[in-house]
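**Student:** need coordinates for the below:
(one chain, ligands or ions: 1)
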Amino acid sequence: MKVLPQSAPLSGEPSGPLRGRLRPPGDKSISHRALILGLLAVGRTEIEGLLESADVLHSGEACRALGAKIERRGAGRWNVWGAGLGSLLAPRSSLDFGNAGTGTRLMMGVVAGHGVAARFDGDQSLRKRPMRRVLDPLVEMGAEVLEEAAGGRCPILLKGTPEPLPIDYETPVASAQIKSAILLAGLNSPGRTLLIEPQASRDHTEKMLAYFGATIASEPFGRGRRIQLEGRPELRASRIVVPADPSSAAFPIVAALIVPRSDVRIEGMMTNPLRTGLLQSLREMGADIDVLDEGEAGGERTADLRVKHSALRGIDVPAERAPSMIDEYPILAIAAAFAKGATRMRGLSELRVKESDRLAGIAAGLKAAGVAAAIEGDDLIVEGRGGDVPGGGLAPTHLDHRIAMSFLCLGLAARRKMAVDDASMIATSFPSFVADMTKLGARFS
Ligand code: S3P
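**Tutor:** Numbering: from 1, shown residues only. Have a look, this model is predicted:
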């Protein structure tokens with residue numbers, strides 16, 4: 001188990017043009033799922049390009065505690081020998097998920113559908129995050145919450161059932177984590193699980209389940225999707241190639257757009273349309289982004305992107321776009337700070353329950369950087385400064401990796417450097433961020 005570095009202040013310094021190539025690390029969502037489905041299949045699952053970040057390594061440890069044998073063969077190359085669906089072991093101690101909401105919620109689904117009990121816990125950020133949204137449907141399926149902190153928070157002791165009830169469930173919010181927890185619990189159900197989501201959220205669980213041999217169907221339903229999963233499939237251990245994470249690529253992309261004279265190539269980025277709302281928004285803002293090479297990795301479309309410094313303009317980002325760029329609002333807000341005119345991002349209530357309250361965190365950091373921003377209901381409005389951002393402040397990060405990377409990127413293009421109080425959490429999703437950005441010409445101190 002890797003130990004996270006101590007809390008570490010860091011600044012992004014005004015930098016010369018960013019130039020060169022960057023291959024973002026493996027996708028975090030797919031990495032969690034690859035380990036988990038590896039646990040549930042019998043035999044050896046081989047993973048290439050796994051994101052070796054703290055969040056994902058915590059999921060790996062949890063899979064081990066539940067009976068998987070896991071071995072690292074080389075950089076990003078891992079083997080998982082699964083315990084098999086229906087055959088998990090009861091973990092001997094508490095499962096520590098660190099900062100990872102995804103690992104926690106998906107694994108709650110796995111435990112709920114098996115006759116084992118597990119205690120879920122993590123850091124101070126995870127302990128603030130709402131878990132009832134996942135626990136409620138799991139309880140409907142027969143799981144029991146034996147202990148929980150006030151308001152349905154971790155630490156949570158969850159007791160699963162060896163015979164989860166097949167349910168019909170409509171998720172109250174478009175959340176891939178809720179959807180995935182229900183599907184993972186439904187996997188061990190003797191019947192069919194039916195799930196409706198109000199808007200389509202990322203579909204990596206559905207795709208990977210089908211790839212491992214499950215019978216799963218997904219079709220448009222109103223503005224969202226209707227998904228049906230047949231329980232108790234024979235899951236085939238498989239080989240998985242993890243494509244590069246668009247949510248990590250977002251940082252060098254926006255940095256290249258805002259640092260004058262930059263010209264950067266992003267390699268092999270996953271372009272699953274349920275993850276590319278940021279690209280669409282940036283293009284509407286006038287971003288010069290070319291798709292150079294389209295390819296495929298692990299059943300997902302990928303592309304190389306060429307990104308050049310661009311004069312951006314403010315836009316209105318509709319609420320319907322939120323699920324396809326839910327993790328990208330902090331860095332979009334930085335692009336908006338450099339744009340000409342105001343940008344309004346609508347319908348962001350879900351940002352309040354991420355690794356931190358990101359609506360408040362973005363607004364506070366922008367204020368510290370000399371940029372006016374306002375929260376109106378669930379909307380965020382950023383008053384763009386047409387390229388001239390003062391910087392010179394300190395952004396509080398509240399254990400949030402994406403807030404830290406966003407304000408470090410702001411500092412690269414501001415008049416004065418921008419500090420964050422703690423860059424250590426960047427290791428939860430993009431451990432090579434500082435090294436990779438430095439190679440492009442970014443300066444940190
Ligand atoms: C994720 C889903 C998103 C996202 C998170 C990863 C996933 O959360 O914010 O970083 O891998 O399923 P919600 O689905 O809860 O919005």
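**Student:** for the rest of this, base every contact and every neighbour count on C-alpha atoms.
**Tutor:** Noted.
**Student:** interface residues of the stretch 201-350 of the chain facing the ligand?
**Tutor:** Contact residues of the stretch 201-350 of the chain with respect to the ligand, defined by Cα under 6 Å from any ligand atom, are listed as 326-327.
**Student:** show me where the stretch 201-350 of the chain has strands.
**Tutor:** 216-221, 224-230, 239-241, 263-270, 288-297, 300-308, 316-317, 340-345 (DSSP state E, counting those that start in this stretch).
**Student:** does residue 254 touch residue 330 like I think?
**Tutor:** No. Assessed by Cα atoms under 8 Å, residue 254 is found out of contact with residue 330, at 10.8 Å.
**Student:** what residues do these two have in common as contacts?
**Tutor:** Residues touching both residue 254 and residue 330 (Cα atoms under 8 Å, 6 or more residues apart in numbering): there are none.
**Student:** identify the residue of the stretch 251-400 of the chain closest to the ligand, quick one.
**Tutor:** The ligand sits closest to residue 327 of the stretch 251-400 of the chain, with a gap of 5.2 Å, by Cα to the nearest ligand atom.
**Student:** which ones are touching the closest residue to that residue other than its chain neighbours?
**Tutor:** Closest residue to residue 327 apart from its sequence neighbours, by Cα to Cα, 6 or more residues apart in numbering: residue 247 at 6.6 Å. Contacts for residue 247 were tallied using Cα under 8 Å, 6+ apart; they are 27, 275, 327-328.
**Student:** and the residue of the stretch 251-400 of the chain closest to the ligand, how many neighbours does it have?
**Tutor:** Counted with other Cα atoms under 10 Å, residues neighbouring residue 327 total 20.
**Student:** got it, and residue 223?
**Tutor:** 10.
**Student:** pLDDT score assigned to it?
**Tutor:** Looking at residue 223, its pLDDT is 93.
**Student:** then residue 298?
**Tutor:** 83.
**Student:** one more: the one 10 residues further on?
**Tutor:** For residue 308, the pLDDT comes out at 98.
**Student:** quick one, which of the contacts of residue 247 are buried?
**Tutor:** 27, 275, 327-328 (16 or more other Cα atoms under 10 Å).
**Student:** return the residues in contact with the closest residue to the ligand within the stretch 1-150 of the chain.
**Tutor:** Using Cα to the nearest ligand atom, residue 29 is the residue of the stretch 1-150 of the chain that sits closest to the ligand, at 3.7 Å. Residues near residue 29 by Cα under 8 Å, 6+ apart: 102, 204.
**Student:** could you pull out the helices for the chain?
**Tutor:** Along the chain, counting by DSSP state H, helices occupy 28-40, 54-65, 101-112, 132-140, 176-186, 204-211, 246-258, 277-284, 329-338, 358-368, 401-413, 433-440.
**Student:** mind putting the ones you listed in JSON lines, distance to residue 350 and mean pLDDT included?
**Tutor:** JSON lines is the format used below for those (distance: least, Cα to Cα, whole Å; pLDDT from 0 to 100):
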{"stretch": "helix 28-40", "distance to residue 350": "17", "mean pLDDT": "98"}
{"stretch": "helix 54-65", "distance to residue 350": "20", "mean pLDDT": "98"}
{"stretch": "helix 101-112", "distance to residue 350": "13", "mean pLDDT": "98"}
{"stretch": "helix 132-140", "distance to residue 350": "12", "mean pLDDT": "98"}
{"stretch": "helix 176-186", "distance to residue 350": "12", "mean pLDDT": "98"}
{"stretch": "helix 204-211", "distance to residue 350": "20", "mean pLDDT": "97"}
{"stretch": "helix 246-258", "distance to residue 350": "16", "mean pLDDT": "99"}
{"stretch": "helix 277-284", "distance to residue 350": "16", "mean pLDDT": "98"}
{"stretch": "helix 329-338", "distance to residue 350": "11", "mean pLDDT": "99"}
{"stretch": "helix 358-368", "distance to residue 350": "9", "mean pLDDT": "98"}
{"stretch": "helix 401-413", "distance to residue 350": "15", "mean pLDDT": "98"}
{"stretch": "helix 433-440", "distance to residue 350": "25", "mean pLDDT": "98"}
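**Student:** between these, which one is nearest to residue 85?
**Tutor:** In terms of Cα to Cα, the element of these nearest to residue 85 is helix 28-40, at 4.6 Å.
**Student:** residue numbers of the stretch 51-200 of the chain in contact with the ligand?
**Tutor:** Listed as neighbours of the ligand in the stretch 51-200 of the chain under the rule Cα under 6 Å from any ligand atom: 102, 175-177.
**Student:** rerun at 5 Å
**Tutor:** Listed as neighbours of the ligand in the stretch 51-200 of the chain under the rule Cα under 5 Å from any ligand atom: 175-177.
**Student:** and those as JSON lines, adding neighbour count?
**Tutor:** Output for these, formatted as JSON lines (neighbours: other Cα atoms under 10 Å):
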{"residue": "175", "neighbour count": "20"}
{"residue": "176", "neighbour count": "22"}
{"residue": "177", "neighbour count": "22"}
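**Student:** make CSV from those and add distance to residue 189 to it.
**Tutor:** Converted to CSV, these look like this (distance: Cα to Cα, whole Å):
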residue, distance to residue 189
175, 22
176, 20
177, 19
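**Student:** can you give me the distance of the closest residue to residue 130 other than its chain neighbours to the ligand?
**Tutor:** Of all residues not flanking residue 130 in the chain, residue 153 sits nearest, at 5.8 Å (Cα to Cα, 6+ apart). To the ligand, residue 153 is 15 Å away according to Cα to the nearest ligand atom, to the nearest Å.
**Student:** okay, and the beta partners of residue 153?
**Tutor:** Beta-bridge partners for residue 153, by DSSP bridges, are residue 149.
**Student:** right, and it touches residue 125 too?
**Tutor:** No. Between residue 153 and residue 125 there is no contact under Cα under 8 Å: 10.7 Å.
**Student:** domain map for this protein?
**Tutor:** Using automatic domain parsing, the domains assigned to the chain come out as 10-26+243-444, 28-241.
**Student:** nearest residue to residue 400 in space, please, no chain neighbours.
**Tutor:** Among residues not flanking residue 400 along the chain, residue 355 sits closest, at 5.3 Å (Cα to Cα, 6+ apart).
**Student:** residues contacting the one you found?
**Tutor:** Going by Cα under 8 Å, 6+ apart, residue 355 touches 99, 101, 125-126, 129, 399-401.
**Student:** show me the contacts for residue 245.
**Tutor:** Shown in contact with residue 245 (Cα under 8 Å, 6+ apart): 24-28, 269-270.
**Student:** circling back to that earlier point, now, the most widely separated pair of the contacts of residue 355?
**Tutor:** Spatial extent of these (Cα to Cα) is set by the pair 129 and 401 at 15.3 Å.
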